[in-house]
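**Q** I would like the atomic coordinates for the input below:
(one chain, ligands or ions: 1)
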Amino acid sequence: MSSITSLAELREKIDAIDADLLRLINERAACAVEVAKTKIAQGEQGTFYRPDRESLVLRRIKDMNQGPLPDYTAVRFFRELMSSCLALEKPMNVAFLGPEGTFTQQAVVKHFGNAVKAMPSATIDEIFTVVEGGACQFGVVPVENSTEGVISHTLDRLLNSHLKICGEVEIRVHQNLMGHVANLADITEVFSHQQSLAQCRKWLDKNLPHAKLTAVSSNAEAAKMAAANHQVAAIAGRVAAEIYELDILAKNVEDEPNNTTRFIIIGQQISSPTGRDKTSLVVSTGNKPGALHQVLEPFAKLGVDMVNIESRPSRQGVWDYVFFIDIDGHCEDDKVAQALVLLKTNVSMLKLLGSYPKAVI
Ligand SMILES: C=C(O[C@@H]1C=C(C(=O)O)C=C[C@H]1O)C(=O)O
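**A** Numbers count the residues shown, from 1 in each chain. All right, here's what the predicted structure looks like:
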């Protein structure tokens, strides 16, 4: 006697589970529609999307998951489910650095799921503008790459915007050389975003030493150009190769194996504390001795963990700098709130860029 369950029996079991799942998924969706009604009754029209609540839901799923599905898969599945539930409450427009096929678009899907309307913008500046003007409720912009450092354009624009950071998302960036060229030796020019060219500098020097390297507005734009001209190639993500029907000529050409980009979500609303948050701020000290010490001191004194500090020219005078700082915790957490009060007395300008939940996956 074999103990192997028959295929027919297993399939019957799966069909029954699917029927239960479908009923439960729709029960959940109906509940989200009820939530929307309650939000409207409470006068919360603008706050259908709640990044704090979403991150708590996803964290709970991650903590409860016992497999065999890996945490990452379980979280992605619930991410998609919440995205569809939210779309029933209120469809949302999210601006990203276009055209179709950029890593920023991947970041939109990872953070919001597929049920939002992703709207391509031509530049980082335009993303800020459409969110400031209200045409899109949120925008996703790159802020930092593990190989190449900060995206200065994003930091500069944050300085002059009233928008808040309300979330973060990380994407493992794999670059590919793509085009319609038969031999690598025939490639005369390689197009890509300046950041991507920099991430692949060593590979390009070694494998395409004679090709001209030209920076364009995005990787997907580069892929579009490589589709139109068969002597040039592009460096971009796999999705861009699929969209613009290009052959992948070389895979994973990034110099650093852990090449990762961090994106931030910008919007009009402030996220509530979740217990695992980050706060981003910018301060200006004026050009005086001991300035950096005065910035660091309040955090050290109150035991607040600083996770990143970056200086940028203030553009208000020669050698005048501002510091972009990320700290652990929410601005409403006691320790953080006290540190910010102290910091305010030590600096000439302090702007809170946002407190938001840390990325779950
Ligand atoms: C259902 C809600 O609204 C939205 C949908 C969520 C969900 O499907 O779980 C979670 C947060 C919100 O973005 C809510 O606020 O609880």
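**Q** measure stretch 241-259 end to end?
**A** End-to-end distance for stretch 241-259: 19 Å, by C-alpha to C-alpha, to the nearest Å.
**Q** Touching it from outside, list them.
**A** 100-101, 145-147, 172-181, 184, 199-204, 207, 220, 223-224, 226-227, 233-235, 238, 240 (C-beta atoms under 8 Å, 6 or more residues apart in numbering). Placement of C-beta: from N, CA and C, glycine included.
**Q** again with stretch 217-231
**A** Around stretch 217-231, the neighbours that count as contacts under C-beta under 8 Å, 6+ apart are 97-105, 122-123, 178-181, 186-189, 191-193, 196, 216, 232-237, 240-241, 243-246.
**Q** Flag every residue of the stretch 1-150 of the chain that's near the ligand.
**A** Ala32, Val35, Tyr49, Arg50, Arg53, Glu54, Val57, Met82, Cys85, Leu86, Glu89 (C-beta under 6 Å from any ligand atom).
**Q** can you pull the pLDDT of Phe48?
**A** We have a pLDDT of 91 for Phe48.
**Q** re the thing from before, now restrict the contacts of stretch 241-259 to buried residues only.
**A** Among those, the ones that count as buried by 16 or more other C-beta atoms under 10 Å are 101, 145, 147, 173, 175-181, 199-200, 203-204, 207, 220, 223-224, 226-227, 233-235, 238, 240.
**Q** Tell me who's in contact with the residue of the stretch 101-250 of the chain found nearest the ligand.
**A** Distances between the stretch 101-250 of the chain and the ligand by C-beta to the nearest ligand atom are smallest at Phe112, namely 9.4 Å. Neighbouring residues of Phe112 by C-beta under 8 Å, 6+ apart: Ser83, Met92, Val94, Phe138.
**Q** What helix or strand is the third one located in?
**A** Taking DSSP states H and E as the criterion, Val94 maps to strand 93-97.
**Q** Repeat that for Gln195.
**A** Assigned by DSSP H and E, Gln195 falls in helix 194-199.
**Q** now do Val169
**A** According to DSSP H and E, Val169 maps onto strand 164-172.
**Q** Let me have the residues of the stretch 1-150 of the chain next to the ligand in TSV, adding neighbour count and secondary structure as columns.
**A** As requested, these are exported to TSV (neighbours: other C-beta atoms under 10 Å; DSSP: H, G, I helix; E, B strand; the rest coil):
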residue	neighbour count	secondary structure
Ala32	17	helix
Val35	17	helix
Tyr49	22	coil
Arg50	18	coil
Arg53	15	helix
Glu54	23	helix
Val57	17	helix
Met82	21	helix
Cys85	20	helix
Leu86	23	helix
Glu89	18	helix
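**Q** Just flag the most distant two among these.
**A** The span of those, defined through C-beta to C-beta, is set by Val57 and Glu89 at 14.1 Å.
**Q** rewinding a little: ok, then the element right after the strand holding Val94?
**A** With elements assigned by DSSP H and E, the helix or strand that comes after strand 93-97 is helix 103-112.
**Q** what's the angle from the following helix or strand past that following helix to helix 103-112?
**A** Where DSSP H and E defines the elements, the next helix or strand beyond helix 103-112 is strand 117-121. Put simply, strand 117-121 runs at 150 degrees to helix 103-112, going by axes from the mean of the first three to the mean of the last three C-alpha atoms, to 10 degrees.
**Q** tell me which element the residue nearest to Ser280 when sequence neighbours are not counted is part of?
**A** Sequence neighbours aside, Leu353 is the residue nearest to Ser280 in space, at 4.1 Å (criterion: C-beta to C-beta, 6 or more residues apart in numbering). Per DSSP H and E: Leu353 is located in strand 349-357.
**Q** just the angle between that strand and strand 164-172, please?
**A** If you take the same axes, to 10 degrees, strand 349-357 sits at 60 degrees to strand 164-172.
**Q** Next one: the spatially closest residue to Ala291 that is not a sequence neighbour from Ser311, what distance?
**A** Once flanking residues are discounted, Ala291 sits nearest to Thr285: 3.6 Å by C-beta to C-beta, 6+ apart. Using C-beta to C-beta, to the nearest Å, Thr285 is found at 10 Å from Ser311.
**Q** Please enumerate the shared neighbours of these two.
**A** Joint contacts of Thr285 and Ser311 (C-beta under 8 Å, 6+ apart) are Tyr321, Phe323.
**Q** quick one: which of these two has more around it?
**A** Shown here are Thr285 and Ser311; by other C-beta atoms under 10 Å, Thr285 has more neighbours (21 against 13).
**Q** Can you verify my assumption that the more buried one contacts Tyr321?
**A** Yes: using C-beta atoms under 8 Å, Thr285 is in contact with Tyr321, at 7.4 Å.
**Q** contacting residues for Ser55?
**A** If you count contacts by C-beta under 8 Å, 6+ apart, Ser55 has them with Gly167, Thr274, Arg276, Pro357, Lys358, Val360.
**Q** Now with 6 Å, please.
**A** Neighbouring residues of Ser55 by C-beta atoms under 6 Å, 6 or more residues apart in numbering: Thr274, Pro357, Val360.
**Q** most surrounded residue in those?
**A** Pro357 (25 neighbours).
**Q** Pairing partners for it in the sheet, please.
**A** Asp277 (DSSP bridges).
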